[in-house]
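Q: sharing a model that was predicted from the sequence below.
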Amino acid sequence: MAKSRLEQRGGVPVVFGFGRAAARGPSPQELGVPEMLQREVSRVLAGNALALAKAPKRDRRIGSVAVRDIPAAALEMAGPILNAPNTAIGLTYGGLGHAVGKVRGTNPRIVRGGGTTEYVNNPFGYQGAITIGDTTTYGQDPDDPNDVWADYQKNNGHTIREHERQHMLQGRQLGPLYLPSNALGGLGALIRDRTDKGRPDWHGPSNWNERGPQMRTPRPWPPRRPR
């Protein structure tokens, strides 16, 4: 019994291509693709390639995605994966604090949304907030207008959630290096920086992890100085 052309190619169906790629699998003609459809697909592909080549680099697009946005989009997708080891630590830390809060009667709560987990009224947050991975542990309630965060936005130009989000983004960029970076920066600030009351300041300017989040318009890292 005679073998078909597809069987002669190894019996592995290959999606047909155009140009040189067609040599690796059955041609459009062999698969019965109408010639009009072949011409239309070739025309669209050629038009897209020409438009991409002619467009200024900043305006080039692949489909609906701007070429310049591809690195940021890739980082957006990979960030939570890179941050996963930190998130595992944060979930453990916040979860333990939540259990302690239950025993102490601090009315602890867990808030989930937007890919993050918040532990509120958590004794492990102490008098502030701690972000580890995609989790933030608050010692108080950031939504309570009478709580410790009441004047934070007025004094800093942004909410405490916006500040802590920058640390989350740092973790998504640094991955497992985030906690060592935070520890080194904080320890350096404790040695070199002082608060208005003369106390060692973890959040001082020597801590590079705090410079961007403390800007009036917070960001993960401060902008680079022009050379």
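A: Yes, it's here. Because the structure is predicted, anything quoted here is derived from the model rather than measured.
Q: where do the helices sit along this structure?
A: Using DSSP state H, the helices of the chain run over 5-8, 35-54, 70-82, 84-104, 152-156, 160-174, 178-192, 208-211.
Q: residues of the longest one that come out buried?
A: Of the residues in helix 84-104, those scored as buried under the neighbour-count criterion (16 or more other CB atoms under 10 Å) are Ala84, Asn86, Thr87, Gly90, Leu91, Tyr93, Gly94, Gly95, Gly97, His98, Gly101. C-betas here are computed from N, CA, C, even on glycine.
Q: now do the contacts for the first one.
A: Meaning Ala84. Counting by CB atoms under 8 Å, 6 or more residues apart in numbering, Ala84 makes contact with Gly133.
Q: quick one: Gly175 and Pro85 touch, right?
A: Yes - assessed by CB atoms under 8 Å, Gly175 is found in contact with Pro85 at 7.3 Å.
Q: quick one: Glu76 and Ile130, what's the gap?
A: Between Glu76 and Ile130 the distance is 24 Å, computed by CB to CB, to the nearest Å.
Q: looking at those two, which has the bigger crowd around it?
A: Ile130 (21 against 12; other CB atoms under 10 Å).
Q: just the pLDDT at that one, thanks.
A: For Ile130, the pLDDT comes out at 95.
Q: give the contact list for it.
A: Going by CB under 8 Å, 6+ apart, the list of residues near Ile130 reads Tyr93, Phe124, Thr136, Thr137.
Q: want to try TSV for those residues, with pLDDT and distance to Leu184 as columns?
A: Output for those, formatted as TSV (pLDDT from 0 to 100; distance: CB to CB, whole Å):
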residue	pLDDT	distance to Leu184
Tyr93	97	19
Phe124	96	22
Thr136	97	21
Thr137	97	21
